[in-house]
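**Q** Got a predicted structure here, sequence first:
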Amino acid sequence: MSTEWLAIQSFQRSQDLLAAINTLSIHTKLKMNEHTDEERAESVTEARETLTSFLKGFEQLVERAEQAGDGPLLGVDPRTSQLARSFAHARRERRRFRSCLFREPISSTVDLLISTDETDQQTLVECLSELRTLVEEHVQTDTARIFRDF
Amino acid sequence: MQDILRQSNLDLLREITQLSSVSATIPATAELSAYQHWVTEACSSLRQRALQNLRDLELSRDDILDDILSETQVLTAFFRLCNQRLAAPLLRYRPSDRLCLRIVAWLHDHHTETKGIPAGLSDGEFGVWPELRIPIVYFMPSSRQRGLLYMPLFFHEFGHLLYNSHKKELDELVSDLQKELADWLEPITQRNDLYAHQDAGTRNIIVETWYEWAQELFCDAVGLTIGGPCFANAFSMYLRMGGRDRFHQPRERLAFSEHPVAWLRIRLIAERVRQMGLAEADKLETEWNRIAATMGITEEYFGFYDDRFLPSIRQTIDDMLTEASPYHFSAMDMSPSAWNPESSSLVHLLNRAWSIFLNDPASYDSWEEQAISTFLASTGAANDERTQTY
């Protein structure tokens, strides 16, 4: 019996996250340059909600991954566990991941999602960019599982 | 970079249009109308997002090119999923799919949390994509799709969808089970050397592997709860000639494996069958033991399973079933009386199929042909109503 169910769930979760990151990143950059970007307003609200919900749940998971070390994350599916571990590992890769998402508690980035302060907007863009890198690397495993390579 | 992205988005738009056009030419069928609607909407959403990318490119801003690139890659991946996998149940539709689709519709409609969720059928090893943000796709080997005997295996696949519908609560129960297993695995005396470190690593692997094993055993229990004997028979018959792997796997293949060894699953199914007071338990175990003995295989799970775990596993699966509350077969579903479309359930039909196949195989084919025809006729009216109310 096939077990693609984990891969498809992880794939779709990652795709939703990436779409939310892209929407919010474009919107924030345009707003920083005084472009109103009204046509994206509805999808920006959804993107904020998606990312807020994800990051709030993820914060606890990353803490557990850091505490568990090599141990298993109980009651968590293997792909989500892997994403949390990758994040914890990325926190130690100071040269690659420099944004406040990886240097400060994740809740700081959650606060940035609703901030209108101009400095915060720039910081948010950096966080989104690095979160995107992490998720893009993570989803490759699922993509390879679902699609045959060409 | 702008030109590259513009070309790719234009290409994507052309492909989306092609897929929409092909999907629209598929005649609407009652069983697939909701599924077809989802594909149409997905294509429309993809088109809007590709057009948004083109509008963003018109702004000629270098600072958003990385975002548009990522968004184009996301769209490409999702279109690939739609084109290669999610459109297949529509594009490969055959009238013979009605049997599977109506059985799946029966399953979805008999559970509050899955009622009305679109589902499609594709060819392949038994499986399911139980992701609630996309339509549910069930997979079945093509020859099996035309008969009744292996339909109960959909009940196991449906278990994955139930799991996902109750994920938070069921994950907590699995977490408790993993904790208990970790306690069982903890050595009585603690050492502090290289071997102790390796043992700790092995224990972690076993505990982690049990996340997926617990879900698979839950799905087996869902299958059995819904179908009773027909599920046990279908499961055993489908897997028992699968070769040595079904009985024994080396330690390194058990680590992070997605399913427990089939022989272990049979043992746990037989144990549950026995609890239900059904006669099939001894027969199941005897058949598998006999095949194993003929192949010279003895049971060995390298610490991934131990009989000491059984009470915890049993209790966890019981609690998961209470939480997910799948349809439970009734006495009538196992009745030896003839299947009556007016008063009998689908589960009764599938149990009758196995009873006739095992006891009177010579007459099975003609009985099955008639039974499928009657089942499709009796469920046709209900499906027409589903389409109209959609």
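**A** Everything's here; your move. None of the values given here were measured: they were computed from a predicted structure. Numbering: from 1, shown residues only, chains lettered A, B, ... in the order given.

**Q** Only C-alpha atoms from now on, for both contacts and neighbour counts.
**A** Will do.

**Q** Tell me who's in contact with the residue in chain A positioned nearest to chain B.
**A** Per Cα to the nearest Cα, A:G75 is where chain A lies closest to chain B, at 3.8 Å. Contacts for A:G75 (Cα atoms under 8 Å, 6 or more residues apart in numbering or on different chains) come out as B:171-176, B:178, B:211.

**Q** 10 Å instead?
**A** A:81, B:167-179, B:208, B:210-212 (Cα atoms under 10 Å, 6 or more residues apart in numbering or on different chains).

**Q** Tell me which of those fall in helices.
**A** In helices, defined here by DSSP state H, the members of the contacts of A:G75 are A:81, B:167-179, B:208, B:210-212.

**Q** Put the buried members of those residues into a ChimeraX selection.
**A** Buried subset of the ones in helices among the contacts of A:G75, written as a ChimeraX selection, criterion 16 or more other Cα atoms under 10 Å in any protein chain shown:
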select /A:81 /B:167,169,170,171,173,174,175,176,177,178,208,210,211,212
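
**Q** The residue nearest the centre of chain A: helix or strand, and which one exactly?
**A** Taking Cα atoms, centre = their mean as the criterion, A:L131 is the residue nearest the geometric centre of chain A, at 4.5 Å. Assessed by DSSP states H and E, A:L131 sits inside helix A:118-146.

**Q** do B:V128 as well
**A** strand B:127-129.

**Q** That strand close to chain A?
**A** Yes. With Cα under 10 Å from any Cα of the partner chain as the criterion, chain A is reached by strand B:127-129 at B:127-129.

**Q** before we move on, the earlier item: the residue of chain A closest to chain B: what secondary structure?
**A** At A:G75 the chain is in coil, as set by DSSP: H, G, I helix; E, B strand; the rest coil.

**Q** Contact partners for the nearest residue to it once chain neighbours are set aside?
**A** The shortest distance from A:G75 to any non-neighbouring residue, by Cα to Cα, 6 or more residues apart in numbering or on different chains, is to B:S175 (3.8 Å). Neighbour list for B:S175: A:73-76, B:169, B:181, B:207-208, B:210-211, B:214, B:316 [criterion: Cα under 10 Å, 6+ apart].

**Q** Make a markdown table out of the residues you listed and add pLDDT.
**A** As requested, the contacts of B:S175 are exported to a markdown table (pLDDT from 0 to 100):
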| residue | pLDDT |
| --- | --- |
| A:L73 | 93 |
| A:L74 | 94 |
| A:G75 | 94 |
| A:V76 | 93 |
| B:E169 | 97 |
| B:L181 | 95 |
| B:V207 | 95 |
| B:E208 | 94 |
| B:W210 | 96 |
| B:Y211 | 95 |
| B:A214 | 97 |
| B:T316 | 97 |
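
**Q** Include distance to B:F155 when you put these into JSON lines, please.
**A** As requested, the contacts of B:S175 are exported to JSON lines (distance: Cα to Cα, whole Å):
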{"residue": "A:L73", "distance to B:F155": "29"}
{"residue": "A:L74", "distance to B:F155": "27"}
{"residue": "A:G75", "distance to B:F155": "23"}
{"residue": "A:V76", "distance to B:F155": "24"}
{"residue": "B:E169", "distance to B:F155": "21"}
{"residue": "B:L181", "distance to B:F155": "27"}
{"residue": "B:V207", "distance to B:F155": "27"}
{"residue": "B:E208", "distance to B:F155": "25"}
{"residue": "B:W210", "distance to B:F155": "21"}
{"residue": "B:Y211", "distance to B:F155": "20"}
{"residue": "B:A214", "distance to B:F155": "16"}
{"residue": "B:T316", "distance to B:F155": "19"}
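
**Q** Pull the contacting residues for the closest residue to B:A214 other than its chain neighbours.
**A** Distances taken as Cα to Cα, 6+ apart place B:V174 nearest to B:A214, at 6.6 Å, with adjacent residues excluded. Contacts for B:V174 (Cα under 10 Å, 6+ apart) come out as A:74-76, B:180, B:210-215, B:313, B:316-317, B:320.

**Q** Kindly indicate the member of those residues with the most neighbours.
**A** Highest neighbour count within the contacts of B:V174, by other Cα atoms under 10 Å in any protein chain shown: B:W210, with 27 neighbours.

**Q** Surely that residue touches A:L74?
**A** Yes. Checked against Cα atoms under 10 Å, the pair B:W210 and A:L74 is within contact range at 9.4 Å.
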